Each structure stands twice: as structure tokens, then as C-alpha cells.
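1. everything below, folded, please.
(chains A and B)
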Amino acid sequence: MKNMGRRGFMGKAFGGVAGVGAVAALYAMKKSWDPLPSVKASGFTTLDMSAYKENTLVVEKWRGKPIFVLKYTPAMIAQMNSAQKPRIITIGSASYLVAIGLCTHLGCIPGYKKKEESFLCACHGGTYDLVGNVTKAPPPRALDIPPFKINGNTLVLGEAGPEYKQMKENGITL
Amino acid sequence: MAHFTKATSVKDWLNQRLAIEKVEKVMASEYWIPKNINFLWAMGMILVITFVLLLVSGIFLLMYYQPNVDLAFDSVNYTIMSEVGFGWLWRNIHGVAASVVFLIIYIHMFTGIYYGSYKKGREMIWISGMFLFIAFSAEAFSGYMLPWGQMSYWAGMVITNLFSGGSLHADGLVEWIRGDYVPAQAFLTRFFMLHVLLIPVAIMGLIALHFAALRIPHVNNQDGEEIDFDVESKKYLAGDKVGSKVIRFANDFMSKDMMVVGFYLVFFFYLVFYHYGFAMDPVNFDPADGLKTPTHIYPEWYFLWSYEILRPFSTNIGLMAFAFAQVIFMGLPFLDRSPNAIPASRRGLFKYWFWAMLVNMITLTAMGKLPPEGIFSSIGFYAALSFILLWIALPIITILEKKA
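-> Numbers count the residues shown, from 1 in each chain, chains lettered A, B, ... in the order given. Now for the predicted structure:
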């Protein structure tokens, strides 16, 4: 400080004030680009799970994303192995696949093949089995399961219930 | 205050206040261009003209376009295309120019690579040019979102997903960029802003930098000859126009430049009137639908080479290869270790490197368009691998190069 001229000091003082202002402005700009509260508030979808038919894929919508809902037949459950079973969502006595219908590779929507009981993504040829596990690359991981909470006969998407939290802990989904 | 005298003419009046004669000399009549150049040196002016075409047609499109997810598609495909008088003309010019500008940019780039116009004081020209390439890419992508058709939506989805960084799963970042969980209203409006304001302003600033970077080292020539512009311009001004190695930028050089521009414009407007379909993907004439992916998602032709570098690898390696491809051209002046700033044909192994790189990028472009199956998939994979290997080889082969 001793050797600093008055102009040098004024320059540094200005730099300090401007620096604080610049950081504050950047913060405001960052927040302006955030999803709006109204966008976030509409991020919950409630599904009535009693309405689905067995082995018929229904595509619901949650946060603008397609959600695959597939009610399994008893025969499907019977042939599942230990890698497939943890992905089942059970509500009452029925079992379901509930997953985000976007290929984990680059976000295309895979199609369901009823006869083969599997999903095929047409973009880059990835395939998934009936629980959403990858059976052919390039997808890096199984179809994501959205945060869900079982509420009687309904399923609330966007809210993390104990069943979802457990799946997440076990690495079943991201 | 400077001393002003009573003006003898309008020109003198302006001269005293704005020094217009001096400006004209500095910018045009005494800005010196080598004589030893060919038509490839006209690409810069062609790019300027194409940018002006984009700007003017864009202004007219902007008057009727509606950046709203419910209205955007019809405002383009109905209002502009069939209601607005000559609306189709502005759209065709805008679409065709957006595609052709990349063809010219690639020619401009490869001309620079061939003649070594990124070396010996011309590094900033190359670097500012690469920033322009990035800005034009962002401009093209943001513009592609605006008609809000199926390709707009799904290209927006796939490209913004790249920012999740593969296994990093930065989904928060992706949602931040979109302003929503998926491309929706917030996404459309912010890309509209980027397309019509922020990126064009950046482009104009970068063009100014690109031109400024040219002033001190001057334009390169066909032999990479180091010209003493002071000596040669004095020779020219003294009357030895034949002996001098340089000519005035305007009107001498410009007259030939505009001749090439003339041929280009004939070709350009032929495309605008008779062959505009290549610039408008048929899939994008379906309105955006977040619950239906088109069977094949592919970018416009000018992004295919980098898309093909992404595609044949697993997600993480693909992303790294893609990121490498996006930035590596920036490093060319420093990866080329040879001191020779001469045409590639006289530069030993670099001659083969140049043609190998050109063929490689054309191959990547072709494979990027084809479905990733069988033999095409393998060709694409090896071409992507060759791209990376060529860049690794560049410093080695240029160190080995003998001084010419």
C-alpha cells in the first residue's frame, strides 16, 4: 500500500467494486435461465394404475417426457431372472414397468414390440428387454425410472417414495 | 479544439470532421493485396455477401415469425410461405444461404490450410476464423430450432443432451440450458433470442477481429512469399504498377473479387429459385411432437463429419472424440511445427496429410448421412479413428519436414 500511487489505488478500488457487481450480475443471469417456478410446479403427474391392460404399452407424459407404463402378465413375471425382477414396480397385486421412454443413448423414443416383448430404438439400433435393461448397445444403461411414490392405487411421478429411494440406492436406476 | 476553416465543398466539410479521405485510403485504396493470388482468395468476400443475404432475409422473416410453441410452425409454414408477399423468397434465401455459407467456409478453411495461411504472424487470422466457425455453427443450430418442426425439436433434444456429459449425468445443466425438462416454450424463446441478437452481434464482432487480424500480416499469396508491403506499395504509388507485387484493395482487387462473387450469386440464386429443397428437411414439415421420435435423426450436411466422429463409439468415448473434433482445428497453427509457410504441394509429408484430411472429412460426411449399419458403420469407425490419428501425426510429420 505504501508504494501505491493514488491512481493505482483508485484503479484497484474500482476493480473491486466492478468485480462484485460482475459476480452479482452473473448470478442474476444464471437464475434468469433457470426453469420457472411454474414449470417446476407442473412437474408432478398422477397415474391411476388400475386402468392399464396387460402387455399393452401406454405412453404417459411427465415433465414433457414420455413415460412407458406396461402391465406385466403372470407369464412374463414367471420367466424373469434376478437382474430383471428388481425393476418391477408392484401396486396391490399387479406388477408394472414404469420408465422414462427415452433411450439413454441420445434421447430418442424406443418402440415396443409386443410379440418380442422388447423395446427397439430406431435411432442407433439399441434394444431393451421388457423391464428396460439393455440387450444391445449403444445405450449405456437401462431405461431410467422416474421418481415415483405409491399412493394406494395411484402412482405419483415426480415425488420420491421409499420404493423409489431403495431402487436408487441399489443402483437400479439413476 | 482543432482548427476548422470554412468548407469549400461537402467533401471538404466532411473531411475536416471525419477525415473521410484518410479513412478511404486506409481501408481501401491504399490497403495492399498481392497480385499472386487466385479465385480462392475471393471466398472471404463471398462470405461477407452471404452474411449480408442472411441478415437481410432474416430481417424480413423476423417481422412475421412468432417465437411461440403453438404458433411458430404455422407462422413459418403458413404465414411466411403463403400469405406474406415474397415471404417464400426470404425463407428460401435464408435456408439456402445457411447451408451454402458452410460450403464456402469449408473451402475458405481448406484454402488456408493448403497455402499455410495460418503461420508466421497469421495465427490470429486462423484463430478468429475458427471462432467465427463456432459462432456460425451456433447460429445455424439455434436457427434450426425456430420452425419448431420434428427435426427442430429432436435436434434440440439430442444436442442439448450432449451437455449432460455422458456418464457425468449433468441433467441439471441440460435442464438449465433448456429452461425446462424438455425443449418447450422457454427453450424456443431463448434460442430465438440467441439466433436474432446475441450470436449475430458476436459474429459481427468476430468479423471485425478477423479483418483486423489481417491488416498487419496482410493476405498470403500463392507461393507463401514474404512480401515487403511498404517497398512494393511505394513502387506502385511511384507509378511502377507492373513491377510492383501488390495492387490496391479497391477498386483493383475488388473488381476481380466481385467478378467471382457474380458467378457465385448466379449459382446461389439458381439454388434459391430451382433447387432450395436440399436446405429444407422434409421431416421438419411435421410439427414438433415430444412423444414421437423421427425414424432417423441426422444433422444438416455441414455437421455430419463431427456427428460421425461421435457416433461409432460408446457414449463417453464418443463425446470425448466429438469434443476433440470441435476444438482441434483451433490448434492448427501450433500443431504444425514446420517453419515453412508455403503451399502444401511443396511441403513433403504435409502434402499427403492435407489430402488425407480432406478425403477423411468427406468420408465422414458421407457416412454420417448413411444409416449406421454393416459396412458403413465400419467405414465410419475407421474414418473417425483416422481423423484423430491424423491430428496426432501432424506435429511429428511437420517436425520431420526440411526447411524449404
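
2. can I see the domain layout of chain B?
-> With domains defined by automatic domain parsing, chain B comprises B:29-297, B:308-404.

3. residue A:140: how many residues sit nearby?
-> Neighbour count of residue A:140, defined by other C-beta atoms under 10 Å in any protein chain shown: 14. C-beta coordinates here come from the backbone N, C-alpha and C atoms, glycine included.

4. could you measure from it over to chain B?
-> From residue A:140 across to chain B, the span is 5 Å (C-beta to the nearest C-beta, to the nearest Å).

5. so where does that residue fall, helix or strand?
-> Residue A:140 is part of no helix or strand when elements are defined by DSSP states H and E.

6. what of residue B:378?
-> Residue B:378 is located in helix B:374-400, with elements delineated by DSSP H and E.

7. buried ones in that helix?
-> By neighbour count with 16 or more other C-beta atoms under 10 Å in any protein chain shown, helix B:374-400 contains the buried residues B:376, B:379-381, B:383-384, B:386-387, B:390-391, B:394, B:397-398.

8. how far off centre is it?
-> The gap between where helix B:374-400 is centred and where its chain is centred comes out at 23 Å by C-alpha atoms, centre = their mean, to the nearest Å.

9. same question for stretch B:302-316.
-> 20 Å.

10. now the buried residues of helix B:374-400 in a markdown table, with distance to residue B:59 and pLDDT?
-> Formatted as a markdown table, the buried residues of helix B:374-400 follow (distance: C-beta to C-beta, whole Å; pLDDT from 0 to 100):
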| residue | distance to residue B:59 | pLDDT |
| --- | --- | --- |
| B:376 | 41 | 86 |
| B:379 | 43 | 92 |
| B:380 | 40 | 90 |
| B:381 | 44 | 91 |
| B:383 | 40 | 94 |
| B:384 | 40 | 94 |
| B:386 | 43 | 95 |
| B:387 | 38 | 96 |
| B:390 | 42 | 96 |
| B:391 | 40 | 96 |
| B:394 | 42 | 96 |
| B:397 | 48 | 93 |
| B:398 | 45 | 93 |
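
11. and chain A, which of its residues are near chain B?
-> A:30, A:33-36, A:39, A:43, A:59, A:61, A:63-66, A:105-109, A:122-125, A:137-138, A:140, A:174 (C-beta under 8 Å from any C-beta of the partner chain).

12. select only the buried ones of these in ChimeraX?
-> To isolate the buried subset of the residues of chain A next to chain B in ChimeraX, counting by 16+ other C-beta under 10 Å, use the following:
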select /A:35,39,43,63,64,65,66,105,106,107,108,109,122,123,124,125,138
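
13. give me the mean pLDDT for the longest helix belonging to chain A.
-> In chain A, taking DSSP state H as the definition, the longest helix is helix A:6-32. Helix A:6-32 shows a mean pLDDT of 94.

14. that helix: how far from the chain's middle?
-> Counting by C-alpha atoms, centre = their mean, helix A:6-32 comes out at 39 Å from the chain centroid.

15. kindly report the same for stretch A:69-80.
-> Per C-alpha atoms, centre = their mean, the centroid offset for stretch A:69-80 relative to its chain is 23 Å.

16. flag every buried residue along it.
-> So, applying 16+ other C-beta under 10 Å, buried residues of stretch A:69-80: A:69-72, A:76, A:80.

17. between the helix or strand of chain B with the lowest mean pLDDT and helix B:374-400, how many degrees?
-> In chain B, no helix or strand scores lower on mean pLDDT, DSSP states H and E than helix B:315-328, which sits at a mean of 88. Angle, helix B:315-328 to helix B:374-400, by axes from the mean of the first three to the mean of the last three C-alpha atoms, to 10 degrees: 40 degrees.

18. pull the helix or strand that comes right after helix B:315-328 out as CSV, backbone CA atoms only.
-> Using DSSP H and E, the helix or strand that follows helix B:315-328 in sequence is helix B:332-335. The C-alpha coordinates for helix B:332-335 follow below in CSV (Å, rounded to 0.1, in the frame of the first residue of the first chain):
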residue,chain,number,x,y,z
LEU,B,332,-3.5,-26.0,-36.2
PRO,B,333,-1.0,-23.0,-36.1
PHE,B,334,0.7,-24.6,-33.1
LEU,B,335,0.4,-28.3,-34.1
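
19. which neighbouring elements make contact with helix B:332-335?
-> helix B:123-145, helix B:374-400 (3 or more C-beta pairs under 8 Å, 6 or more residues apart in numbering or on different chains; DSSP states H and E).

20. check what pLDDT residue A:152 gets.
-> 83.

21. what's the burial count for it?
-> Residue A:152 has 10 nearby residues by other C-beta under 10 Å.

22. phi first, then psi, for residue 77.
-> Went with chain A since none was named. phi -60, psi -40 (degrees, to the nearest 10).

23. that one reaches residue A:93, doesn't it?
-> No. Under the criterion of C-beta atoms under 8 Å, residue A:77 is not in contact with residue A:93, lying 11.2 Å apart.

24. helices of chain A, start to end?
-> Using DSSP H, the helices of chain A run over residues A:6-32, A:37-41, A:74-78, A:162-169.

25. and those helices, which is most packed in?
-> helix A:162-169 (a mean of 14; mean count of other C-beta atoms under 10 Å in any protein chain shown).

26. show me what that one is packed up against.
-> By 3+ C-beta pairs under 8 Å, 6+ apart, helix A:162-169 packs against strand A:148-151.

27. closest residue of the stretch 251-400 of chain B to chain A?
-> residue B:293 (4.2 Å; C-beta to the nearest C-beta).

28. that residue: neighbour count?
-> Neighbour tally, residue B:293, other C-beta under 10 Å: 25.

29. ok, the one 4 residues further on next?
-> Here the number of neighbours of residue B:297 (other C-beta under 10 Å) works out to 20.

30. now the one 10 residues further on
-> Using other C-beta under 10 Å, residue B:307 has 22 neighbouring residues.

31. mind checking pLDDT for it?
-> For residue B:307, pLDDT reads 89.

32. list the contacts of it.
-> Each residue near residue B:307 by C-beta atoms under 8 Å, 6 or more residues apart in numbering or on different chains is listed here: B:298-299, B:368.

33. please identify the helix or strand for it.
-> helix B:304-310.

34. may I have that helix as CSV, with CA atoms only?
-> Extracted in CSV, the C-alpha atoms of helix B:304-310 (Å, rounded to 0.1, in the frame of the first residue of the first chain):
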residue,chain,number,x,y,z
LEU,B,304,-22.2,-34.6,-40.4
TRP,B,305,-18.5,-35.1,-40.1
SER,B,306,-18.4,-34.2,-36.4
TYR,B,307,-21.6,-36.2,-35.8
GLU,B,308,-19.9,-39.2,-37.4
ILE,B,309,-17.0,-38.8,-35.1
LEU,B,310,-19.5,-39.0,-32.2
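
35. so does whatever helix or strand residue B:154 lives in get close to chain A?
-> Secondary structure from DSSP H and E places residue B:154 in helix B:150-161. Yes. Judged by C-beta under 8 Å from any C-beta, helix B:150-161 and chain A are in contact via B:154, B:157-158, B:161.

36. of these, keep whichever come out buried.
-> B:154, B:157-158, B:161.

37. adding pLDDT, write the residues you listed out as CSV.
-> Listed next are those as CSV, based on pLDDT from 0 to 100:
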residue, pLDDT
B:154, 91
B:157, 89
B:158, 86
B:161, 86
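
38. possible to save those as a markdown table with distance to residue B:174?
-> Compiled in a markdown table, these are given as follows (distance: C-beta to C-beta, whole Å):
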| residue | distance to residue B:174 |
| --- | --- |
| B:154 | 15 |
| B:157 | 10 |
| B:158 | 11 |
| B:161 | 6 |
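
39. and the pLDDT for the residue most central in space within chain A?
-> Nearest to the mean C-alpha position of chain A, counting by C-alpha atoms, centre = their mean, stands residue A:146 at 4.6 Å. Residue A:146 carries a pLDDT value of 89.

40. picking that back up, least reliable of the domains of chain B by average pLDDT, please.
-> Looking at those, the weakest mean confidence is domain B:308-404, a mean of 90.
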